[in-house]
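Asker: I'll drop the sequence and a predicted model, then ask my questions.
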Protein chains: 2
Amino acid sequence: MYNLIEKKEIFAGRLKKLRRRLDEIGADGIIIIKDENIFYITGFYGHDSGSALVITKKEVFLIVHFIYFEKAKTSVLLHETNIMQFRSNKKEVFEKIFSEIEGESFGIESSFVNYESYIKYKKSLKKTAKKLINLPGFVEKQRIIKDSIELEAIKKACSIADEAIKNIIEMEPERIKDFTESRMALYIEELMLKEGASSRAFNLIVAGNASSSLPHYEPAHKILQNGILLFDIGCIWEHYCSDITRTIFIRNGPPGQKNMMCRRNIDKIKEIYDIVLGAQLLALQQCREGMTCSRLDAIARDFIEKKGYGQYFGHGLGHGVGLEVHEGPTISGKDNTVLEENMVITIEPGIYIGGIGGVRIEDMVIVKKGCAVNLYNCPKTEIYI
Amino acid sequence: MYNLIEKKEIFAGRLKKLRRRLDEIGADGIIIIKDENIFYITGFYGHDSGSALVITKKEVFLIVHFIYFEKAKTSVLLHETNIMQFRSNKKEVFEKIFSEIEGESFGIESSFVNYESYIKYKKSLKKTAKKLINLPGFVEKQRIIKDSIELEAIKKACSIADEAIKNIIEMEPERIKDFTESRMALYIEELMLKEGASSRAFNLIVAGNASSSLPHYEPAHKILQNGILLFDIGCIWEHYCSDITRTIFIRNGPPGQKNMMCRRNIDKIKEIYDIVLGAQLLALQQCREGMTCSRLDAIARDFIEKKGYGQYFGHGLGHGVGLEVHEGPTISGKDNTVLEENMVITIEPGIYIGGIGGVRIEDMVIVKKGCAVNLYNCPKTEIYI
């Protein structure tokens, strides 16, 4: 755990790096409106709070609505932040700041800000002879490589999700069948909260049998049955996310249940389970600094394609995880980002057969020089309950 | 409950109205990318799915990623929808559609789409000599007035939240103090899921004592104590949201607990409780068709100001609720929208005193000709546990 002074130093270092990067591209500052990015730089996190952060070569202004002022004062870790509050007119505060600061060109998060707001910012800057430059994903690019404080939080978030999965795997088979999918999702969240998580990181997926073939399924009020069960879960610890998927087999229920998976389908699922696991282990083993994301994706994809299931693996191999559960880099054929040390990514191949079921196995890793450090311990060989 | 044929008729009616409105402003169609709006028109809901809907004078194209194709096929209620899937290149599918359809000017959700995407859509349309026109909040404007299928879902979502609050109010005092804030939030969600809700509608707020002065507080791992407890909760039923806030008093714990609220602060909270309740009842009684949102806001605000607490009521009186927990209209001094029959809004005045605590009381109502129909039954006179 870091003490307050150490934390403040790390936040100061992030600002320093951001300013150096702005300098390199000739920008005099940046307007940041994405909550995660505001947190990353200042330590203040206001979900959907409509806050804005203005960084110049010399100053930092955090503009928050009146109702977030108290929270901002107590949570900001960046020493030099000027916290400004507005009640109904953010524009007024914003334009006052821009009339007083130096500099000509200011970046904006153009892949995040909506078009109408973009135009308003542009007009506001024009009033003071300043111009807007598009810096899509500028802070996100810096966030791709995690610093020590972030890695600590991510590890903790992962260990909590890991324990939750272990808890489910060890559950009595009679007990597991008392659950519906949605009740199970809530139970998992409860387990994670008990371990100190602040919340789930996304709407947890618990998908039984044929529903597991829908990669973004939402849990329903359906009682769990013999067959397979896919969990895609994660929690938040000090604003950082975890993300893990396991697919398990349930087989100890009374035969003849409704919605049960038939023998032939079970065999099919077992076949694809081994293929997905093979692809995942291979990608985990090969993943390391210096490899491109597209290469890593190809390692798992080629393996699955050779087994004849290429068309059933319809998503990328993984994604970065941090303050957002999906962030850069994208592990897909289209992303040629080179993996660097301390990037944190998921590795999650899947095969989905409509009407029958799907298998996905997902771990999160920290990229290192000659390897990738897996953040989960819970088993992933075929698990039977 | 509506049967499938009735549902399909209602969805067809929404499209018809949308096309009529597009016609009125001389647009040949619209590109819709906001998930709630795509659902409103088609019946397909893909959270963060990157889907797009193109509506022309004659056709409807729903563009979804490969992994949502199955879900789209089974959930679309709009008969004439052509479902198109893409694997990695949405742009290609999009441009193919635009090269084949008739019309010159197409609207886009300019207050939702990010700037970079906006520019891409613009370029794609330019290739086929079509132009983009900005239609911020175009579908949302239609969604402000709820149709029968929506009102039914909203009423159900409200009744579930209502029951959850009643359940908490009737809880044994000894039991309530076994909970932390975050555990209580999860318990409430569990209650709502048991009643058939598909999930919570937002991150539920459970805020004890001084934390209640932060209107957007996040529940912490803090044991509930003597003093006050603010709940701001809501659930989702068939994609529609509920939203309700109650502030209750807990007084039966052993004296001398840590973090307990002192006598003087309790008295202060009781004073503001009565003021907030008075303001809320007055606004509920006055709310009706034909009144402007700003007028409704002023009714509650004037009441609170006359009591000397105007500066502590730092947010609008309410907001619309439907597919989104916050949607139009905004009940604030800045919104001169005239209330119409079957708008659904919250009425939620609050007074927040930093370091001491806050009180907010929130109901949801359906606006009617001479009145507003409150969707909650649970008590709101001072409640002691």
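Answerer: Sure, I can see it.

Asker: what ranges does the stretch 1-150 of chain A have for its strands?
Answerer: Here the stretch 1-150 of chain A has its strands, by DSSP state E, counting those that start in this stretch, at A:29-32, A:52-56, A:60-65, A:81-86, A:105-108, A:131-134.

Asker: strands paired with the third one, and their directions?
Answerer: What it means is strand A:60-65. strand A:52-56 (antiparallel), strand A:81-86 (parallel) (DSSP bridges).

Asker: what comes into contact with the longest one?
Answerer: In this structure, residues lying in contact with strand A:81-86 by Cβ atoms under 8 Å, 6 or more residues apart in numbering or on different chains are A:42, A:44, A:59-66, A:68-69, A:72-73, A:76, A:92-93, A:97. C-beta coordinates here come from the backbone N, C-alpha and C atoms, glycine included.

Asker: and the helices in the stretch 101-250 of chain A?
Answerer: Here the stretch 101-250 of chain A has its helices, by DSSP state H, counting those that start in this stretch, at A:115-127, A:138-143, A:148-169, A:173-176, A:181-194.

Asker: least confident of those helices, on average?
Answerer: For the helices of the stretch 101-250 of chain A, the bottom mean pLDDT is recorded on helix A:173-176, which sits at a mean of 82.

Asker: and the strands paired with strand A:60-65: which comes nearest A:Arg246?
Answerer: strand A:52-56 (38.3 Å; Cβ to Cβ).

Asker: verify the stated contact: A:His216 with B:Gly50.
Answerer: No - look at A:His216 against B:Gly50 with Cβ atoms under 8 Å: they stay out of range, at 10.8 Å.

Asker: more neighbours: the two, which one.
Answerer: Per other Cβ atoms under 10 Å in any protein chain shown, whichever of A:His216 and B:Gly50 has more neighbours is A:His216, with 17 against 13.

Asker: quick check, pLDDT for that one.
Answerer: pLDDT, A:His216: 78.

Asker: enumerate every residue touching it.
Answerer: Applying Cβ under 8 Å, 6+ apart, the residues near A:His216 are A:205, B:46-47, B:49, B:67-68, B:71.

Asker: now render the strands paired with strand A:60-65 as TSV, adding distance to B:Ile345, mean neighbour count and mean pLDDT.
Answerer: Converted to TSV, these look like this (distance: least, Cβ to Cβ, whole Å; neighbours: other Cβ atoms under 10 Å in any protein chain shown; pLDDT from 0 to 100):
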stretch	distance to B:Ile345	mean neighbour count	mean pLDDT
strand A:52-56	28	23	98
strand A:81-86	24	18	95
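
Asker: may I see those strands arranged in CSV, with distance to A:Leu277 as well?
Answerer: Converted to CSV, these look like this (distance: least, Cβ to Cβ, whole Å):
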stretch, distance to A:Leu277
strand A:52-56, 44
strand A:81-86, 48
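
Asker: just give the nearest non-adjacent residue to the residue in the stretch 251-385 of chain A that chain B sits nearest to, would you?
Answerer: Residue of the stretch 251-385 of chain A nearest chain B, by Cβ to the nearest Cβ: A:Gly314 (4.3 Å). Counting by Cβ to Cβ, 6 or more residues apart in numbering or on different chains, B:Phe66 is the residue found nearest to A:Gly314 once chain neighbours are left out, at 4.3 Å.

Asker: tell me the contacts of A:Ala220?
Answerer: Per Cβ under 8 Å, 6+ apart, neighbours of A:Ala220: A:180-182, A:211, B:198.

Asker: for it, phi and psi?
Answerer: Dihedral angles of A:Ala220 (phi, psi; degrees, to the nearest 10) stand at phi -120, psi 170.

Asker: which one among the contacts of A:His216 sits at the bottom for pLDDT?
Answerer: Lowest pLDDT within these is found at B:Ile67 (80).

Asker: what residues sit buried inside stretch A:279-286?
Answerer: Within stretch A:279-286, the residues that qualify as buried are A:279-284, counting by 16 or more other Cβ atoms under 10 Å in any protein chain shown.

Asker: just the CA trace of that stretch, in PDB.
Answerer: C-alpha atoms of stretch A:279-286 as PDB (Å, rounded to 0.1, in the frame of the first residue of the first chain):
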ATOM      1  CA  ALA A 279      -5.600 -21.700 -27.900                       C
ATOM      2  CA  GLN A 280      -5.700 -19.800 -24.600                       C
ATOM      3  CA  LEU A 281      -2.700 -21.600 -23.100                       C
ATOM      4  CA  LEU A 282      -0.700 -21.100 -26.300                       C
ATOM      5  CA  ALA A 283      -1.400 -17.400 -26.300                       C
ATOM      6  CA  LEU A 284      -0.600 -17.100 -22.600                       C
ATOM      7  CA  GLN A 285       2.700 -18.900 -23.100                       C
ATOM      8  CA  GLN A 286       3.700 -16.800 -26.200                       C
END
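
Asker: distance from the chain centre to that stretch, please.
Answerer: Chain-centre distance of stretch A:279-286: 21 Å, with Cα atoms, centre = their mean, to the nearest Å.

Asker: where does the spatially most central residue of chain A land in three-state SS?
Answerer: Note on chain A: the residue nearest the mean C-alpha position is A:Val325, at 1.2 Å, using Cα atoms, centre = their mean. Secondary structure state of A:Val325, per DSSP: H, G, I helix; E, B strand; the rest coil, is coil.
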